[in-house]
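Engineer: I need the structure of the sequence given here:
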Amino acid sequence: MKITLLKSLLLTGAFLCIGMLQAQEVTGTVTDETGPLPGASVVVKGTTNGTQTDFDGNYTITVEDADAILVFSYIGYKGQEISVAGQSAINVTLEEDAQALEEVVVVGYGSQAKKEITTAVTSVNVEDFNQGVINEPTQLLQGKVAGLSVSNRGGNPNEAPVIRLRGISTVGGNQQPLVVIDGILGGSLDSVDPSDIQNITVLKDGSAAAIYGSRASSGVIVVTTKSGKSGQPLKVTYNGQVGVSGIANQIEIMDRQQFLAAGGNDLGSDTDWRDEITQTGIAQVHNISASGGTEKMTYRIAANFRDSDLILNNTGFQQANFRTNFTGRLFDDKLKVTVNTAFTTRDSQIGFNDAFRYATLYNPTAPVLGADAPFEFNSAQFGGYFQTLGLFDSFNPVAIAELNRNDAAETTLNYNINLDYKLTDAISLNVNYAEQDRKNDRNIYYPTTSYWRGNALSPTRRGRADFFSEEENFQLFEAYATYSGQVSDFASLTVTGGYSFQETDYNNNYFQIGDFPAGVDFDFSNNISVAQDLNEAGRIEANSERRDGDRIVRFFGRVNATFDDAIYLNAAVSREGSSRFGSENQWGIFPAIAIGADLNKYLQLKNVNLLKARLGWGVTGSIPPDVGLSQSIFQVENGPDGQSGAGTTQDNGRAPNPDLKWEEKSDINRGFEFATDRFGATLDLFTRDIKDFITLANIDAAENLGFDQRWENAGTLGVNGVELAMNYDLVKKDNLNYNVGVIFTHNKSVLEENPQGDQVLGNLGAPGQNNTNVILVREGEEVGQIWGPVWSGNVDAAGTPILSDINGDGELVTGQGSALADNADFRVLGTGLPDFEIGWTNQVKFGNWDANVFFRAVVGHSLVNSFRAFYEPIIGSQASYNFVNTPNANPAIKTAQFSDYYVEKADFLRLDNMSVGYNFDLKEDSYIKGLRLSLAAQNLFTITGYDGVDPDPALQDGGLGLGELRGDDANDQIQDIQPNVLIPGIERRESYFTSTTVTVGLNINF
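Structural biologist: Model prediction:
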């Protein structure tokens, strides 16, 4: 027995000695392209023997087998396997894996594994953003998300883009999607610099957005900014860009010789007015950030500076943005505290788009300066500029751009504090408080020498100054709890429930004053006390408004369940109350449910990673576009002598409507997803029903105490759409990758019921066509139909176009007052909304080089070319105005008569964005950890048959643009302030000229 035991001990000792002889220690460093990766995993393949890298990315591991394989991994990076093969030192550089980064997607109040998402959600990471001088965040997404349209016709950086998700989402409410920035609902996109954004997720359908309630009725854009990494040493990054812009397209007009040949008046000069009012735009962008972290804390601090001169003289902006992000972990990592702050200040020289309009129509033989006039001219009275006096709607465009001033100064400060406490392994509690303060000041000044709006010829009132200021404070408090756990081997469950409170306080002030001392070259907006309007009653215009206590209270809950790791359920409900409604209908309930299944779990198709089908339904609701619309409004009427008191009147007033309720939008979405190692595709089919528009309606004054209007619910609109996104790795090799992505978007909107009945809207305006409406709004038909008579191709002896007898009844009925008559000779001339949009992305990586080429095509829409309708006919009485001279121009037409002749198909293919970059190889001990040089171009060329300025769809019409002020008219109605989505398809004469921008960029990591 003793001998047996001794043999056993000797045998065991021998094995241990052999094992010790075979075991070896391996050391090394794990990095990415920017430096060490702390916390990276190093594991011996097929065992539980593993370790993690330290703060400097170093590791040490003991392996028992000389043939062992080490597996290196880190979240968001491609894993690597390396055979030890007797090596004692193994250093590894991991590459970022865009696919892995997308595996977890940020959604409302949490995140989900991408494969478990049952709703229409698209996530775009920083690697896939558009490049170049990007002035605002939505430009990063242009053409990247099926169903998302970002339109800024002409590309003026001083104008906010129109963002439309899946077509029309509301008629009476806000069309812009809800923006959520790092968990802050309603955050301003102006408060985040594009350079600070890591990811943008778009929630497109009702089942995805319903948990956000009414503010999400037009979809949700979730922005995640960059942050530091745990255990990351200090990383300093600089991004710099310089961009040069020039005019890409403008409508063709006559030069001096052509103008004179057409019978124009000769004033002795040869002036290219478009050249005179434009310049080469120069943009500078500088971004510097510092980030890092320890095991308990991460941080990122960034500063961004932008200085842009735009293509219109005396326009541009200067913007500074500062952003901080701090995250700390306390109480054994149970409590996570996140603090985000952002401050943005922007000074804008907005200028006047009208300069483009008058540069199109102004006499090309007129001189710029009055000193060059062919006759005696008092140029000092007009600031030194020449003016064609006595003509209607004729103003020197250079004087408009250079004499007058239109400036804005805006500051935005926001911050949020988020506390996330892990009560147990399964239950967490999240509390978030956020606040945003925004101030905006506008100052428009027309000197006494300004002929345009300055009334330089007026004997009583010369010069004018407009002042507008607004302040808005937004506060948000939210608290929610989340349970996440494995219910059984077959099912897992995540339950979220919470409360949200938000309040917005807003006020503005406006006043206008004028009649400044003539003959004095001074900016009297800085000394308005000398205005002679102070001595004349009734000349000064003033207005103010205040909206306090604009509150939304919301209770929400959501359940996410996964069964058999292949069947996914998402159900949510939100109960929301708004102070914008009367007492009878303040609350609304918005449910949503969606289900999805990875069919490949059961089909086991060869080489297929995912085959998922999903179905979702959700309801959201729009609130009124302003405060107090359910209440009655009386107008104040002063006493006749100003001393005998004032009274109230129903004139221009509004009746109350305590039954005013939520506009409701219901979405049904059917989706399919397919993926292999190299190919992926997503198809979504959706149906949207919008009912109970919140609209101002005419009522019977006799039955409503003398009021003839009030806000009511009426109307129904349906939208159907198809969205397809495909992505394929055409080439996938060690040193060469070529990926192609295509998105396809189609939607159609039908107005099923209209509270105003059938209408023709979209007034072309003065001069001469201010009774010409061109957009048909008819129940049961598609939104955006362009409506008008048809030109026969012939003209009469006076040069008036002869219109066609469309219905063949022998009677020509083409008057605007008869546009909806049964026997009218009108027809649909085109559609303002496109049939479909296509985005085509090409991404190539070759060694240290990378390139991105993105094309965008929009097909099936038409535009009313207002330039041609007004300025193309050779009208003898207008010989002092220039004429549009496009290939479609017909010199025989001498009368302005709207018809199909001025409606053009506007299909186009545009090279929207192209970039190429090179990453330099650096020594491992170099102080500079990364160096990249890039070249980008935007709007390089457009292929189109459209003769106007920009073939991009005009998605809406009207509303107060940047050339006007909110609050300057006490009689403004909401429909005057908000653009009308039922009137697409008109290119107005104030259109901004499109530009091409070329950008050089430098990126340095320290």
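
Engineer: Can I get whichever strand or helix holds Asn727 as CSV, trimmed to CA atoms?
Structural biologist: Per DSSP states H and E, Asn727 falls inside strand 716-732. Output in CSV follows, covering the C-alpha atoms of strand 716-732 (Å, rounded to 0.1, in the frame of the first residue of the first chain):
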residue,chain,number,x,y,z
THR,A,716,-58.1,62.4,-42.9
LEU,A,717,-54.9,61.6,-44.8
GLY,A,718,-53.4,58.3,-45.8
VAL,A,719,-49.7,57.6,-46.6
ASN,A,720,-48.4,54.3,-48.1
GLY,A,721,-44.7,53.6,-48.6
VAL,A,722,-42.0,51.2,-49.5
GLU,A,723,-38.4,51.4,-48.2
LEU,A,724,-35.5,49.1,-49.2
ALA,A,725,-31.9,49.2,-48.0
MET,A,726,-29.2,46.9,-49.4
ASN,A,727,-25.5,46.5,-48.6
TYR,A,728,-23.0,44.2,-50.3
ASP,A,729,-19.2,43.7,-50.0
LEU,A,730,-18.3,43.4,-53.7
VAL,A,731,-14.6,42.9,-52.7
LYS,A,732,-13.5,41.7,-49.3
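
Engineer: Each with direction, which strands does that strand pair with?
Structural biologist: Partners of strand 716-732 in the sheet, by DSSP bridges, are strand 679-691 (antiparallel), strand 736-753 (antiparallel).

Engineer: Could you save those as JSON lines and add columns showing mean neighbour count and distance to Asn152?
Structural biologist: Just so you know, the C-beta spots here come from the backbone N, C-alpha and C atoms, and that holds for glycine as well. Output for these, formatted as JSON lines (neighbours: other Cβ atoms under 10 Å; distance: least, Cβ to Cβ, whole Å):
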{"stretch": "strand 679-691", "mean neighbour count": "19", "distance to Asn152": "25"}
{"stretch": "strand 736-753", "mean neighbour count": "18", "distance to Asn152": "18"}
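
Engineer: Can you convert those into TSV and add a column each for distance to Ser428?
Structural biologist: Converted to TSV, the strands paired with strand 716-732 look like this (distance: least, Cβ to Cβ, whole Å):
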stretch	distance to Ser428
strand 679-691	31
strand 736-753	36
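
Engineer: Which of the ones you listed sits closest to Val84?
Structural biologist: For those, proximity to Val84 was assessed by Cβ to Cβ; strand 736-753 is nearest, at 29.2 Å.

Engineer: Val368 versus Thr994, what's the distance?
Structural biologist: Separation of Thr994 from Val368 (Cβ to Cβ, to the nearest Å) stands at 24 Å.

Engineer: Which of these two has more residues huddled nearby?
Structural biologist: Set side by side, Thr994 and Val368 show more neighbours around Thr994, with 22 against 19, by other Cβ atoms under 10 Å.

Engineer: hmm, back to that, so which of the strands paired with strand 716-732 gets nearest Thr895?
Structural biologist: strand 736-753 (33.4 Å).

Engineer: Using PDB, write down the CA coordinates of that closest one.
Structural biologist: What follows is strand 736-753, C-alpha atoms only, in PDB (Å, rounded to 0.1, in the frame of the first residue of the first chain):
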ATOM      1  CA  LEU A 736      -8.900  45.800 -50.400                       C
ATOM      2  CA  ASN A 737     -12.600  46.200 -49.500                       C
ATOM      3  CA  TYR A 738     -15.300  47.600 -51.700                       C
ATOM      4  CA  ASN A 739     -18.800  48.000 -50.300                       C
ATOM      5  CA  VAL A 740     -21.800  49.100 -52.200                       C
ATOM      6  CA  GLY A 741     -25.000  50.300 -50.500                       C
ATOM      7  CA  VAL A 742     -28.300  51.300 -52.000                       C
ATOM      8  CA  ILE A 743     -31.500  52.700 -50.400                       C
ATOM      9  CA  PHE A 744     -34.800  53.100 -52.100                       C
ATOM     10  CA  THR A 745     -37.700  55.200 -50.800                       C
ATOM     11  CA  HIS A 746     -41.300  55.500 -52.200                       C
ATOM     12  CA  ASN A 747     -44.300  57.000 -50.500                       C
ATOM     13  CA  LYS A 748     -47.600  58.400 -51.600                       C
ATOM     14  CA  SER A 749     -50.000  60.700 -49.700                       C
ATOM     15  CA  VAL A 750     -53.700  60.800 -50.400                       C
ATOM     16  CA  LEU A 751     -56.000  63.500 -48.800                       C
ATOM     17  CA  GLU A 752     -59.100  61.400 -48.000                       C
ATOM     18  CA  GLU A 753     -61.000  64.200 -46.200                       C
END
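
Engineer: Residues contacting whatever helix or strand comes next after it, please?
Structural biologist: Next helix or strand after strand 736-753 toward the C-terminus (DSSP H and E): strand 759-765. Contacts to strand 759-765, defined as Cβ atoms under 8 Å, 6 or more residues apart in numbering, come from residues 770-778, 787, 816, 819-820, 864, 866, 869-870, 898, 957, 980, 982-983, 985-986.

Engineer: So which of the residues you listed belong to helices?
Structural biologist: Applying DSSP state H to the contacts of strand 759-765, the entries found in helices are Ser866, Ala869, Phe870.

Engineer: For the last one, which residues are in contact?
Structural biologist: Listed by Cβ under 8 Å, 6+ apart, the contact partners of Phe870 are Leu361, Leu764, Pro767, Gly768, Gln769, Ala896, Arg989.

Engineer: Show me which of the residues you listed is closest to Thr324.
Structural biologist: Arg989 (45.2 Å).

Engineer: so how far is Phe259 from that closest one?
Structural biologist: Applying Cβ to Cβ to Arg989 and Phe259 gives a distance of 19 Å.

Engineer: Any chance of a PyMOL selection covering the buried ones in the contacts of strand 759-765?
Structural biologist: Selection command for PyMOL covering only the buried members of the contacts of strand 759-765, criterion 16 or more other Cβ atoms under 10 Å:
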select buried, resi 772+773+774+775+776+777+778+787+816+819+864+866+869+870+898+957+980+982+983+985+986
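
Engineer: Please narrow the contacts of strand 759-765 to those residing in strands.
Structural biologist: Members of those lying in strands (criterion: DSSP state E): Asn770, Asn771, Thr772, Asn773, Val774, Ile775, Leu776, Val777, Trp787, Val864, Ile986.
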